[in-house]
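Student: Sequence and predicted structure are below.
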Amino acid sequence: MGSELSARGKALIESSPMPDYLHAHFDRLEDHYDAEANPNGYIGLCIAENKLVWDLLQPRLVAPRPTLSHQAICYDEMIGSFRFREQLSEFMGRTFLGREFDPTQIAVLAGTGSVLEILFHNIADPGDAVLVPTPSYAGFWADLETRDELHIVPVHTRSADGFTLTEGLLDQAFESSERPVKALLYTNPDNPTGAIASSDQVEMVIKWAERRGIHLVLDEVYALSVHGDTRFVSGASLRPTLGDHIHLLWAFSKDFGSSGLRCGVLITENEDLMRSVDRLAYWSVVSGDTQHVLGEMISDRNWVNQYIGAMQTRLGDSYRAVTTALEEEGIPYFAAEGGFFLLCDFREYMTDQTWEAEDALWHRILDEANVNLTPGSACRNEEPGFFRVCFATEPPDTAVAAVQRVGKVLG
Ligand SMILES: Cc1ncc(COP(=O)(O)O)c(C=O)c1O
């Protein structure tokens with residue numbers, strides 16, 4: 001009896017919210033590739049992380065904290081200390097939002113995953129629907145469906161149209177939903193395509209959500225991780241005020257390569273929403289020490305400017321190294337300008353265009369090349385055969401070696 005779990009505990013054991021490719025990744029970390037010591041070792045290009053910038057971050061993150069206050073190690077506001085939210089307001093306003101928000105309109109929680117879960121808990125009820133354009137970030141399903149008990153309605157975009165989201169596709173998904181649609185969750189720069197939306201595109205999405213009278217959640221976690229010619233335009237810079245229905249997300253996980261520090265940011269002008277988020281924040285607080293270190297880091301303007309420039313250059317270099325390798329292997333891909341990834345088109349390497357064939361190919365690449373790519377099924381693609389390659393989880397040489405191994409398997 002003692003070890004007996006609740007029904008929901010058992011459900012978690014029976015069906016993990018985490019997709020299979022992540023389990024496969026964590027199971028293989030011991031066998032990690034090393035050009036000298038383990039040349040046939042495992043290479044995971046399946047997780048959206050930027051590991052190209054540790055040398056830049058290390059001096060800021062491991063330095064002693066002479067200015068750490070006593071308050072930083074005590075209880076403070078659960079949505080983040082006021083000082084940290086002031087620092088975020090200045091930093092985010094200056095670097096990509098186009099204007100500063102009042103610190104009372106900013107909350108920090110333990111990663112974007114926590115922000116998503118707590119935000120959606122307060123804007124939709126169990127059983128309600130949320131529209132998510134696909135292909136999408138795989139984790140949205142776990143974030144919204146596991147404990148919030150929401151239902152994601154995918155808005156499928158098509159490869160033939162370059163995965164472009166249109167008003168028609170949004171209307172179709174909205175009108176065909178059997179459940180009340182409470183929100184649209186829109187990611188820009190996009191994961192997994194790495195596309196950066198034009199300001200007209202963001203404007204279309206904002207106007208569409210306004211016309212439908214639903215919440216719009218703008219996930220801008222890759223705002224600074226851009227490496228192409230297209231300029232990123234934040235939804236915040238297109239409106240003098242966000243009003244009660246537009247909410248914006250950002251995090252240190254991506255632009256500052258610090259996914260393990262768990263610090264996500266919510267911006268909302270909706271006072272009731274902020275109050276309700278505050279009431280759940282206790283369970284997802286960002287450590288006071290982490291807030292202190294990150295706050296000091298983003299307040300050092302010179303360092304931040306240099307960091308962003310170097311980080312974007314490294315992303316671009318790695319992207320070019322990997323796309324050159326893909327071209328050499330004859331593997332088709334969709335060009336990307338933001339994030340740490342791009343989508344490859346493996347359809348010609350599949351005997352049939354089915355999810356079974358995609359899964360079989362994913363297993364073959366994992367078994368024979370010892371390389372893990374994100375399968376399109378995890379990104380909820382409508383069409384089988386598109387795999388995400390994350391090019392910043394490993395140094396460029398390693399990522400190129402992985403692409404060559406994949407090329408061999410496909411060849
Ligand atoms: C678009 C998007 N949103 C949210 C997340 C989750 O980020 P975090 O690690 O801050 O929870 C990710 C992670 O890959 C992402 O790609």
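Tutor: Perfect, thanks for sending it. Numbers count the residues shown, from 1 in each chain.

Student: Point me to the residue of the stretch 301-411 of the chain nearest the ligand.
Tutor: The stretch 301-411 of the chain approaches the ligand most closely through residue 339 (7.4 Å), counting by CB to the nearest ligand atom. C-beta here means a position set from N, CA and C on the backbone, and glycine is covered the same way.

Student: How about residue 82: what's its closest non-neighbour residue?
Tutor: Nearest residue to residue 82, sequence neighbours excluded (CB to CB, 6 or more residues apart in numbering): residue 103, at 5.8 Å.

Student: Would you agree the one you found is in contact with residue 81?
Tutor: No - checked against CB atoms under 8 Å, the pair residue 103 and residue 81 is beyond contact range at 9.6 Å.

Student: Local confidence estimate at residue 2?
Tutor: The model reports residue 2 with a pLDDT of 50.

Student: Residue 45 against residue 390, yeah?
Tutor: Yes - counting by CB under 8 Å, residue 45 touches residue 390, with 4.9 Å between them.

Student: got the contact list for the residue nearest to residue 82?
Tutor: 82, 85-86, 88-89 (CB atoms under 8 Å, 6 or more residues apart in numbering).

Student: again, but for residue 276
Tutor: With CB under 8 Å, 6+ apart, residue 276 has these contacts: residue 122.

Student: Which element, helix or strand, includes it?
Tutor: helix 271-281 (DSSP states H and E).

Student: Report the distance from that helix to the chain centre.
Tutor: 23 Å (CA atoms, centre = their mean, to the nearest Å).

Student: Which other helices and strands does the helix or strand following it contact?
Tutor: Downstream of helix 271-281, the next assigned helix or strand under DSSP H and E is helix 288-299. For helix 288-299, the packing partners by 3 or more CB pairs under 8 Å, 6 or more residues apart in numbering; DSSP states H and E come out as helix 54-62, helix 82-92, helix 301-329.

Student: any idea which of those scores lowest on pLDDT?
Tutor: helix 54-62 (a mean of 94).

Student: list the buried ones in that helix?
Tutor: Residues 56-57, 60 are the ones in helix 54-62 that count as buried (16 or more other CB atoms under 10 Å).

Student: can you tell which of the helices and strands packed on helix 288-299 is closest to residue 139?
Tutor: The closest of these to residue 139 is helix 301-329. By CB to CB, the value is 20.9 Å.

Student: in that closest one, what's buried?
Tutor: For helix 301-329, by 16+ other CB under 10 Å, it's 304, 307-308, 311-312, 314-315, 318-319, 321-323, 325-326, 329.

Student: and the helix holding residue 276, what's its mean pLDDT?
Tutor: For helix 271-281, the mean per-residue pLDDT is 98.

Student: Tabulate the CA atom coordinates of it in CSV.
Tutor: Once non-C-alpha atoms are left out, helix 271-281 reads as follows in CSV (Å, rounded to 0.1, in the frame of the first residue of the first chain):
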residue,chain,number,x,y,z
GLU,A,271,-3.0,43.2,-13.6
ASP,A,272,-5.4,40.4,-12.6
LEU,A,273,-3.2,37.9,-14.5
MET,A,274,-0.1,39.1,-12.8
ARG,A,275,-1.9,38.7,-9.4
SER,A,276,-2.9,35.2,-10.2
VAL,A,277,0.5,34.3,-11.5
ASP,A,278,2.0,35.6,-8.3
ARG,A,279,-0.3,33.3,-6.3
LEU,A,280,1.3,30.2,-7.9
ALA,A,281,4.9,31.6,-8.2
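
Student: got the buried residues for it?
Tutor: Going by neighbour count (16+ other CB under 10 Å), the buried part of helix 271-281 is 273-274, 276-277, 280-281.

Student: same deal with stretch 394-403?
Tutor: 394, 396, 398-403.

Student: swap in stretch 180-190?
Tutor: For stretch 180-190, a neighbour-count test (16+ other CB under 10 Å) marks 181-190 as buried.

Student: Please apply the same query to stretch 254-269.
Tutor: 254-259, 261-269.

Student: do the same with stretch 197-217
Tutor: Here stretch 197-217 shows 197, 201-202, 204-206, 208-209, 212, 214-217 as buried, counting by 16+ other CB under 10 Å.

Student: For stretch 294-311, what is the distance to the chain centroid?
Tutor: 21 Å.

Student: anything in it near the ligand?
Tutor: No - Stretch 294-311 does not reach the ligand (CB under 6 Å from any ligand atom); its nearest approach is 12.8 Å.

Student: So the residue in the stretch 201-350 of the chain that the ligand sits nearest to: helix, strand or coil?
Tutor: At 3.5 Å from the ligand, residue 253 is the closest residue in the stretch 201-350 of the chain, using CB to the nearest ligand atom. The three-state assignment at residue 253 reads helix, by DSSP: H, G, I helix; E, B strand; the rest coil.

Student: distance of the residue nearest to it when sequence neighbours are not counted from residue 50?
Tutor: Nearest non-adjacent residue to residue 253, counting by CB to CB, 6+ apart: residue 259, 4.0 Å away. Counting by CB to CB, to the nearest Å, the gap between residue 259 and residue 50 amounts to 9 Å.

Student: Now the buried residues of helix 54-62 in TSV, please, with extra columns for distance to the ligand.
Tutor: Shown next, in TSV, are the buried residues of helix 54-62 (distance: CB to the nearest ligand atom, whole Å):
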residue	distance to the ligand
56	19
57	16
60	19
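
Student: CSV for the buried residues of helix 271-281, including distance to residue 349?
Tutor: Listed next are the buried residues of helix 271-281 as CSV, based on distance: CB to CB, whole Å:
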residue, distance to residue 349
273, 46
274, 49
276, 48
277, 45
280, 46
281, 47
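
Student: for those residues, which one is nearest residue 155?
Tutor: For the buried residues of helix 271-281, the closest approach to residue 155 (CB to CB) belongs to residue 273, at 23.5 Å.
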